[in-house]
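S.K.: what would the 3D arrangement of this be:
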Amino acid sequence: MIMGPVFEQFVQDSPLSVMARATVEHALSADALDALFEQNCERGYTKELLFSTTAELMGRVVSGKAPHVQSAFLQMGEFVPVKLTNVYEKLKHIETPVCSALVRHVSDRCEGLVRELGGACTPLLDGYRVRILDGNHLAATQRRLEVTRGHSAAPLPGQSLAVLDPALMLITELIPCEDAHAQERALLEGVLPLVGPNDLWVADRNFCTVDFLLGIARRGACFATRLHGNTTLEPEGEFGQEVQTQTGWASERWVWVCRDDQKLLRVRQVRVRLVEPTEDGDVEVLILTNLPAEAAGCVQVADLYLMRWKIEGAFHELTVALKCEVNTLGYPKAALFAFCVAVAAYNILAVLKAAMRAVHGEEKVQKEVSGYYMALEWAMVYAGMMIALPAPRWECFGRMSAKELAAHLREWAGKINMAKIKKSPPRKPTKNKTQRIQDDSPHLSTARLLDEAKMRRQKKPNARKPL
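M.R.: Numbering: from 1, shown residues only. Alright, predicted model coming up:
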């Protein structure tokens with residue numbers, strides 16, 4: 001027994017909650033967070049309210065344990081030695097480099113656990129460290145700030161670029177930006193320092209810029225990105241023979257990426273003629289890559305680009321399973337900090353999924369496990385568990401090595417009732433679309449609608465033939 005019979009009871013009844021709390025202690029220890037703040041803050045400082053306390057408070061909000069910041073403040077009570085106004089003042093001044101460092105720190109700690117668990121997913125391409133890059137805009141907030149009142153347009157608190165490791169299913173880097181209207185391409189300067197040899201960066205067409213592609217190639221890395229309409233190419237011949245893929249037919253040719261009539265980079269252009277058009281009506285997709293042909297043929301390149309959906313799935317889980325967009329936080333720094341804490345919570349859940357993959361298999365976890373139900377159980381059990389087992393009782397997990405904790409996580413993963421966190425079956429598409437009815441009144445009585453439908457059914461003649 002690690003912490004006595006009460007702990008063991010929680011292990012039996014809600015192993016997921018125990019796994020989550022132990023992983024949080026390992027990846028987000030208070031001392032490490034306070035040190036991280038001191039190393040990365042530029043103008044911020046600490047008087048009475050520690051950064052670790054602020055992160056825990058926001059963690060309760062994004063993981064569903066508290067509906068908003070004020071509720072989390074009341075829950076933590078004597079552990080927050082300042083007034084609520086001081087908490088909001090702290091939140092609106094947390095700098096974006098601190099937010100990026102928080103995500104990076106948690107990702108590094110979680111990576112060690114995933115590798116020790118042996119719960120990584122099958123690599124997308126052998127010999128390459130794949131990274132998926134995409135942008136995410138935070139949803140509009142309430143008009144609480146004086147400068148936003150009276151505007152009919154929705155106030156957007158910021159955006160960020162996220163980098164996903166699809167093998168570990170961890171968001172490893174986040175580049176926040178307070179200006180929601182800034183071009184995503186303007187943030188690419190912060191991405192290039194992250195590129196290493198033998199990387200493969202998969203990205204959408206918005207990131208297809210000459211400088212970014214050259215920067216990746218000069219660092220000994222590769223890319224597979226959709227062609228942007230403004231990118232100038234000079235082809236070398238026609239497309240080759242088409243090969244069937246999951247979504248259509250692929251073919252390729254060599255082209256030069258040009259700027260100002262100057263040939264800068266020779267790459268492969270893969271064309272995929274689609275069976276079904278995209279939502280934008282595109283009937284074909286053009287992908288640029290500098291991967292060697294022997295490393296990935298045109299079909300593999302098309303499949304790699306298709307794997308971009310993994311980061312979209314991560315964003316969906318951040319929105320649905322975790323409350324990554326707190327609409328009461330109007331100040332950009334506060335909203336971005338909440339998003340980064342949600343990303344940290346997502347990475348915690350990714351460790352739990354890795355433990356389940358190690359025990360139950362990758363295919364079962366990918367097809368059946370719901371991140372929403374995982375987060376829901378964690379939120380529901382947390383308050384009672386922390387009353388029975390206060391925070392000091394969990395400090396032992398912060399001192400454990402990744403190997404030690406991984407052994408416990410693997411054992412607890414075997415006790416999870418997989419039926420409790422199973423995904424709902426996908427809904428079948430609607431065959432007959434409902435016709436829109438133009439009502440005269442702005443409101444309807446549901447009871448009257450039901451009565452009218454019942455009367456219509458009673459008036460219908462019996463379809464059965466007489467004997």
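S.K.: Leu322 contacts Lys65, correct?
M.R.: No - counting by CB atoms under 8 Å, Lys65 is not a contact partner of Leu322; they are 11.1 Å apart. From N, CA and C alone the C-beta is placed, and that goes for glycine too.
S.K.: who's more crowded, those two?
M.R.: Using other CB atoms under 10 Å, the more surrounded residue of Leu322 and Lys65 is Leu322, with 27 against 18.
S.K.: what about the more buried one, which SS state?
M.R.: Put simply, Leu322 is coil when judged by DSSP: H, G, I helix; E, B strand; the rest coil.
S.K.: same thing with Arg273?
M.R.: Relying on three-state DSSP, one would call Arg273 strand.
S.K.: show the pLDDT at it.
M.R.: With respect to pLDDT, Arg273 scores 92.
S.K.: closest to the centroid, which residue in this protein?
M.R.: Ala314 (3.1 Å; CA atoms, centre = their mean).
S.K.: that one is in what secondary structure piece?
M.R.: Using DSSP states H and E, Ala314 maps to helix 309-320.
S.K.: elements contacting that helix?
M.R.: strand 129-137, strand 159-165, helix 332-360, helix 371-388 (3 or more CB pairs under 8 Å, 6 or more residues apart in numbering; DSSP states H and E).
S.K.: and it, which residues are buried?
M.R.: Within helix 309-320, the residues that count as buried by 16 or more other CB atoms under 10 Å are 310-311, 314-315, 317-318.
S.K.: how far is that helix from where the chain is centred?
M.R.: On the basis of CA atoms, centre = their mean, to the nearest Å, helix 309-320 sits 5 Å off its chain's mean C-alpha point.
S.K.: same deal with stretch 108-128?
M.R.: 17 Å.
S.K.: highest mean neighbour count out of the helices and strands packed on helix 309-320?
M.R.: Among the helices and strands packed on helix 309-320, helix 332-360 has the highest mean neighbour count (mean count of other CB atoms under 10 Å), at a mean of 26.
S.K.: from the chain's centroid, how far away is it?
M.R.: With CA atoms, centre = their mean, you get 8 Å for helix 332-360.
S.K.: now that helix and strand 129-137, what's the angle there?
M.R.: Comparing the axes of helix 332-360 and strand 129-137 via axes from the mean of the first three to the mean of the last three CA atoms, to 10 degrees yields an angle of 140 degrees.
S.K.: what residues sit buried inside the helix or strand just after helix 332-360?
M.R.: Counting by DSSP H and E, the next helix or strand C-terminal to helix 332-360 is helix 362-368. By neighbour count on 16+ other CB under 10 Å, the buried set for helix 362-368 is 362, 365.
S.K.: contacting residues around helix 362-368?
M.R.: Helix 362-368 is contacted by residues 121-122, 353, 356-357, 418, 422-423 when judged by CB atoms under 8 Å, 6 or more residues apart in numbering.
S.K.: so which pair among these is furthest apart in space?
M.R.: The most widely separated members of the contacts of helix 362-368, counting by CB to CB, are Thr122 and Lys422 (22.1 Å).
S.K.: and those two? which has more neighbours close in?
M.R.: Taking neighbours as other CB under 10 Å, Thr122 and Lys422 compare with Lys422 leading, 13 against 10.
S.K.: what segments of this protein are strands?
M.R.: 129-137, 159-165, 170-177, 199-203, 222-226, 232-236, 243-244, 248-259, 262-274, 284-289 (DSSP state E).
S.K.: so which of these gets nearest Val381?
M.R.: Short answer: strand 170-177, nearest of those by CB to CB, at 24.0 Å.
S.K.: partner strands of that closest one, parallel or antiparallel?
M.R.: strand 159-165 (antiparallel) (DSSP bridges).
S.K.: contacts for the partner strand, please.
M.R.: In contact with strand 159-165 (CB under 8 Å, 6+ apart) are residues 111, 129-138, 170-177, 179-180, 182, 184, 187-188, 190-191, 194, 310-311, 314-315, 336, 339, 343.
S.K.: mind doing that once more with 6 Å?
M.R.: Applying CB atoms under 6 Å, 6 or more residues apart in numbering, the contact partners of strand 159-165 are 131-133, 135-137, 171-177, 180, 187, 311, 314.
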